[in-house]
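Participant: Turn this into a model:
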Amino acid sequence: MSSNSIKLLASDTQRNLAELVAKRLGLSLTPVDIKRDSNKEVSFSIGESIRDEDIYIIMQIGSGIVNDKVLELLIMINACKTASARRITAVLPNFPYARQDRKDKSRAPITAKLMADMLTSAGCDHVITMDLHASQIQGFFDVPVDNLYAEPSVVRYIREKLDVKNAIIVSPDAGGAKRAAGLADRLDLNFALIHKERARANEVSRMVLVGDVTGKTCIIVDDMADTCGTLAKAAEVLLENGAKEVIAIVTHGILSGNAIANINKSKLERVVCTNTVPFEEKLKLCPKLDTIDVSGVLAEAIRRLHNGESISFLFRNAPY
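Facilitator: Below you'll find the model as predicted:
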């Protein structure tokens, strides 16, 4: 790959995933200078010419102060636009505000649509993301969006690290049933479902298990783990119903609030997250955490997009 035709940019913080992607592509990250004034305004400049280049801005958003990272991303995109870049692609493994994808109550915003508008207005020509909370978010954009899937990487992890012969895939709610069923089909396993009954908003009063998990290794799959309260409660329900052990695999390990404490005191054997969201510091605090590296998928998507090749190959296959 010619290093004269593609540039990879990343923030000056949380660069681990960007560095892994760059290494896989045989490139170096383009030098950038980011300064933050005492009032937290961001000053940004690029250390070399990017005129008529293909720019890929890799930004991990989901942990820390999300809004600061979003504005930083918009400033970086706009700086590339005004520096005469040929095409600007935002690589957002975890799309911010994806959970606010519909108007679920009166006078509520659809913030995922606002995110799409802001990215486009800043000068973004293309978006690469992974496991969108709702696939219809792709329709919020007036530019192409490639929604990659963590499923091939998850399938490989399960086959290599877990006892597949005695396992069952579990969805922690009805909304994730399609995801769990698809994964179960790939692995030729049965799947079960946990139905949540809510007494009031944000408070789960009771969980009802649909399916037989007796003596099985239960693999809970979900797209996102935030405070991990639901995962911890689901593990208790499964073990009460005769499960042998419970392992959770999620794409985006946001792990905010009391998440680490909830995992440590839970009955979960292991919680596996991809590195779409940086959580290196949390790995040190929680021995139950494990990681699936998706830098190969992102790097191959960038290579294929840059060379004008099909990306649909990655929907079923994970590069080594």
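
Participant: any idea where the strands of the stretch 151-300 of the chain begin and end?
Facilitator: Listed in chain order, the strands of the stretch 151-300 of the chain (DSSP state E, counting those that start in this stretch) span 167-171, 191-200, 203-210, 217-225, 245-253, 270-274, 289-292.

Participant: What helices and strands are in contact with the strand or helix carrying residue 56?
Facilitator: Using DSSP states H and E, residue 56 maps to strand 54-58. If contacts are counted by 3 or more Cβ pairs under 8 Å, 6 or more residues apart in numbering; DSSP states H and E, strand 54-58 sits against strand 6-10, helix 16-25, helix 66-82, strand 87-92, helix 295-307. The way it works is simple: take the backbone N, C-alpha and C, and place the C-beta from them, glycine included.

Participant: Could I get the CA-only coordinates of the shortest one as CSV?
Facilitator: It refers to strand 6-10. C-alpha atoms of strand 6-10 as CSV (Å, rounded to 0.1, in the frame of the first residue of the first chain):
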residue,chain,number,x,y,z
ILE,A,6,-3.5,7.5,2.6
LYS,A,7,-3.2,9.2,5.9
LEU,A,8,-4.3,7.9,9.3
LEU,A,9,-5.1,10.4,12.0
ALA,A,10,-5.9,9.9,15.7
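
Participant: Contacts for that strand next, please.
Facilitator: Here strand 6-10 makes contact (Cβ atoms under 8 Å, 6 or more residues apart in numbering) with 18-19, 21-22, 25, 27-30, 32, 46, 50, 53-59, 76, 80, 85, 302, 306.

Participant: Quick one, which of those are buried?
Facilitator: 18, 21-22, 25, 27, 29-30, 32, 46, 50, 53-59, 76, 80, 85, 302, 306 (16 or more other Cβ atoms under 10 Å).

Participant: Now do stretch 145-152, average pLDDT.
Facilitator: On average, the pLDDT along stretch 145-152 is 97.

Participant: domain parsing for this protein?
Facilitator: Here the domain parsing of the chain from automatic domain parsing is 6-149+295-315, 151-291.

Participant: Neighbours of the closest residue to residue 63 other than its chain neighbours, how many?
Facilitator: Spatial nearest neighbour of residue 63, chain neighbours left out: residue 277 (5.3 Å); criterion: Cβ to Cβ, 6 or more residues apart in numbering. Residues lying near residue 277 (other Cβ atoms under 10 Å) number 25.

Participant: try residue 236
Facilitator: If you count neighbours by other Cβ under 10 Å, residue 236 ends up with 14.

Participant: What of the one 3 residues further on?
Facilitator: Per other Cβ under 10 Å, the neighbour tally for residue 239 reads 16.

Participant: Please determine how far it is located from residue 289.
Facilitator: If you measure residue 239 against residue 289 using Cβ to Cβ, to the nearest Å, the figure is 20 Å.
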